[in-house]
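[1] Provided below are the primary sequence and the corresponding predicted coordinates.
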Amino acid sequence: MIETFRAIVGDKYLLTGADMAPWQTNVMAKPQGTPLAVARPASTAEVAALVTACNDVGQPIVPAGGLTGLTQATDAGGALVISLDRMNAIREIRREARTAMVEAGVVLAKLHEAVERDDLVFPVTFGAKGSCQVGGFLSTNAGGSNVLRYGNTRDLVLGVEAVLPSGEVLDLMTGLHKNNSGYDLRHLMMGAEGTLGIITAAVVKLVPKPRAYATAMLACRDLPSALQILNAVQLDTGGAVEACEYMPGDYVRNYAEMAPGHDMPFDADHDVNVMMEIGSTVPRDCEAGPDGEVPLVARFEAILAGYLEEGLLLDAVVARSEAQRRAMWARREAAAEVAATRAPRITNDTAVEVDRIGEFLARADAALKVVDPGADRSIVAHLGDGNVHYTIWPSTTDLAEHDRIVEAIEDIVLDMRGSFSAEHGIGIAKLNSMRRRKSPVALDAMRAIKAALDPKGIMNPGKLIP
C-alpha cells in the first residue's frame, strides 16, 4: 500500500516515520496515534486515486486540514492520513456574483485577505482563522462570531466537490442560489466530519465588506438586559449587528492575567461584559465628517448613551481606532488560550435558546458545585445565537469523573431542549454524548447513510457515530 500511495503523490509527498509527527497531535496537544502514512495530494484526481486504492483493500482513511479541531476527529492510528494542505488554490473570485471557488486546503485567513482586495468578505471567523482550512471548517459546519448576522458555514456554501469512499468524485461545484433538484448532498457533506467523503473544494458566498465598524465593550446590568440591548440595536440599525459576545468578569480577569499589557475593559470590575460590533456599507454611515467623526460610531454612542441613562448599561467603551477594535477582538478570541492556562480541562460546547443563557449558566454552576465542588470554569458565549462555551477545570484527573461532570451538564442541556454540540463537532471526544443524548431514530438514520455511502467503513472510522 505504501508503494501504491507513493506512486500516486510522489516520494516527496508520501510521509512515513518521524516525518508524520505534525499529524500525530492536535491543537489540544493530545496524541492521535501513529498513521500508516501521510499522503499530501495536489489535486482532486490524486485524492480520488488514493481513496480508490484504500477502498479496494479496506484501508482506513483520515482526512486532515489545519488540525485545529477540538474533538479528536483527526485521530489516525493505523490509517492513511490524507492531508489537503497542498490543495490551497483560490481558483476564482467572482466579484459581481459575490462568490469564490476555493480548494479545501485554503487557510481561512488567506481567503479573508484575498477577497478583501475586492472589497468583499467571507464572513466566517473565529480564533483559529490563521491555521484552520476550508475543508476542515466545512466538514464541521463551523460557527464563530458572525453567525448572528450571516449564519453558520453551511449557510455560506453554494457548492462542494467531494471524493466519496468509493473514489468517485461528487461534483456539486455550482454557484446557484436556487437548486431544488432532490436531496441536498452538499449539506450532507458539511458537518459529516469526513465520515462520508473528503471535501476537496467549495463555492462560497461573499458579502460586501463593511466600510465602517462600530465596536464597543458594554458592562450590562445582567444577561436579560444585554439581550434587550442587542435586540434594540438590531432594530435601530436594520440588523447590522455583526457580533455580540458575552464574557463574564472572571473570564476578563483571567485574560488580563494571561496577557500582560492588555488593560481591563473598564475602570471597575463588572459581572456581565459584552463585546458588540455593528458594520455598515452605507456611505452616509461610513464617511467621516469634517471633525473626523464617523457617523456610524457617533450613532452607536448615542444609542448606548440612552441605555446608560435607563440603567440597562452600567458602562460602555467604544473603540476610537482600529487598534482599540482589534484589542477588543483579541480579548474574545483568546478563549482557547485562556482555557489552556489550566489543566485538566473539559470543553463543553452547548447551545440553548438565546433568552435562556442565564438560566443555563445558573443551573450549570449549581450542578458543578454538587458533582465536583473543587472545580472551576471559564465561560464565553455567542450571545446572539445561544452558543455557550462552558469550559471546566475539574479538581481530578479521573476520566470517569470527567464523564460524570459532562453528563451533569448534558442533563441540563437536554432538559432545556438544547444541544450538547453547537459548533465544534463530535469526533471522538463527544461519542459518549452522542450515545447518551442523540435520538436513537436519528442515530439509526445516520448509520444507514454511512453504510450506504461507505459500506467498508474506511472513511474516518470511529468518529461522529457511536
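    Nice, thanks for sending it over.
[2] from what I can see Ala109 touches Lys129, true?
    Yes. Between Ala109 and Lys129 there is a contact at 4.7 Å, judged by CB atoms under 8 Å. Bear in mind the C-beta positions are built from the backbone N, C-alpha and C, glycine included.
[3] Would you mind telling me which of those two has more residues around it?
    Ranked by neighbour count (other CB atoms under 10 Å), Ala109 and Lys129 place Lys129 first, with 19 against 14.
[4] give me the element the more buried one is part of.
    Here Lys129 is covered by no helix or strand, with elements defined by DSSP states H and E.
[5] which non-adjacent residue is nearest it?
    Closest residue to Lys129 apart from its sequence neighbours, by CB to CB, 6 or more residues apart in numbering: Leu108 at 4.3 Å.
[6] Tell me the confidence at Lys30?
    pLDDT, Lys30: 71.
[7] thinking it is in contact with Leu70, fair?
    No. Using CB under 8 Å, Lys30 is not in contact with Leu70; the gap is 10.0 Å.
[8] mind listing the strands for the stretch 101-250 of the chain?
    Remark: strands assigned in the stretch 101-250 of the chain by DSSP state E, counting those that start in this stretch are 120-121, 157-163, 169-172, 198-205, 207-208, 212-220, 241-248.
[9] Would you format those as a markdown table with distance to Pro373 included?
    Converted to a markdown table, the strands of the stretch 101-250 of the chain look like this (distance: least, CB to CB, whole Å):
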| stretch | distance to Pro373 |
| --- | --- |
| strand 120-121 | 46 |
| strand 157-163 | 45 |
| strand 169-172 | 52 |
| strand 198-205 | 44 |
| strand 207-208 | 47 |
| strand 212-220 | 29 |
| strand 241-248 | 20 |
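[10] Nearest to Ala21 among those strands would be which one?
    strand 198-205 (22.3 Å; CB to CB).
[11] now for the closest one, which elements pack on it?
    helix 44-57, strand 61-64, strand 99-103, helix 134-139, strand 157-163 (3 or more CB pairs under 8 Å, 6 or more residues apart in numbering; DSSP states H and E).
[12] hmm, back to that, export the strands of the stretch 101-250 of the chain to TSV and tack on mean neighbour count and distance to Glu257?
    Compiled in TSV, the strands of the stretch 101-250 of the chain are given as follows (neighbours: other CB atoms under 10 Å; distance: least, CB to CB, whole Å):
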stretch	mean neighbour count	distance to Glu257
strand 120-121	21	33
strand 157-163	24	39
strand 169-172	17	48
strand 198-205	25	38
strand 207-208	14	37
strand 212-220	24	18
strand 241-248	23	14
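[13] And these: which comes nearest His382?
    Judging those by CB to CB, what sits closest to His382 is strand 241-248, at 6.3 Å.
[14] in its sheet, what does the closest one sit against?
    strand 272-280 (antiparallel), strand 376-382 (antiparallel) (DSSP bridges).
[15] In the first one, which of the residues would be classed as buried?
    What it means is strand 272-280. In terms of neighbour count (16 or more other CB atoms under 10 Å), strand 272-280 has its buried residues at Val272, Asn273, Val274, Met275, Met276, Glu277, Ile278, Gly279, Ser280.
[16] swap in the shortest one?
    In terms of neighbour count (16+ other CB under 10 Å), strand 376-382 has its buried residues at Arg377, Ser378, Ile379, Val380, Ala381, His382.
[17] Same check on stretch 172-191?
    Buried residues in stretch 172-191, counted by 16+ other CB under 10 Å: Leu172, Met173, Gly175, Arg186, Leu188, Met189, Met190, Gly191.
[18] ok so, going back, out of the helices and strands packed on strand 198-205, which comes closest to Asp250?
    helix 134-139 (29.1 Å).
[19] Residues contacting the closest one, please?
    Contact partners of helix 134-139, identified using CB atoms under 8 Å, 6 or more residues apart in numbering, comprise 63-66, 68-69, 84, 102-106, 108, 111, 124, 142, 153, 157, 160, 189-194, 198-200, 202, 204, 425.
[20] Show me what counts as buried in stretch 131-139.
    The neighbour-count check on stretch 131-139 (16+ other CB under 10 Å) flags Cys132, Gln133, Val134, Gly135, Gly136, Phe137, Leu138, Ser139 as buried.
[21] now stretch 294-305
    For stretch 294-305, burial by neighbour count (16+ other CB under 10 Å) applies to Val294, Pro295, Leu296, Val297, Ala298, Arg299, Phe300, Ile303, Leu304.
[22] Tell me which other helices or strands the helix or strand hosting the fifth one touches.
    Ala298 belongs to helix 295-310 when elements are defined using DSSP H and E. In this structure, helix 295-310 packs against strand 212-220, helix 223-237, strand 272-280, helix 283-286, strand 313-318, with contacts taken as 3+ CB pairs under 8 Å, 6+ apart.
[23] Give me the contacts around the fourth one.
    Outside of helix 283-286, the residues that reach it under the criterion CB under 8 Å, 6+ apart are Pro210, Arg211, Ala212, Ser280, Val294, Pro295, Leu296, Arg299.
[24] so what pLDDT did the fourth one get?
    Per-residue confidence for Ser280 comes out at a pLDDT of 96.
[25] related to what we said a few turns ago, using a markdown table, lay out the buried residues of strand 272-280 together with distance to Val51.
    Formatted as a markdown table, the buried residues of strand 272-280 follow (distance: CB to CB, whole Å):
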| residue | distance to Val51 |
| --- | --- |
| Val272 | 50 |
| Asn273 | 48 |
| Val274 | 46 |
| Met275 | 43 |
| Met276 | 45 |
| Glu277 | 42 |
| Ile278 | 45 |
| Gly279 | 41 |
| Ser280 | 46 |
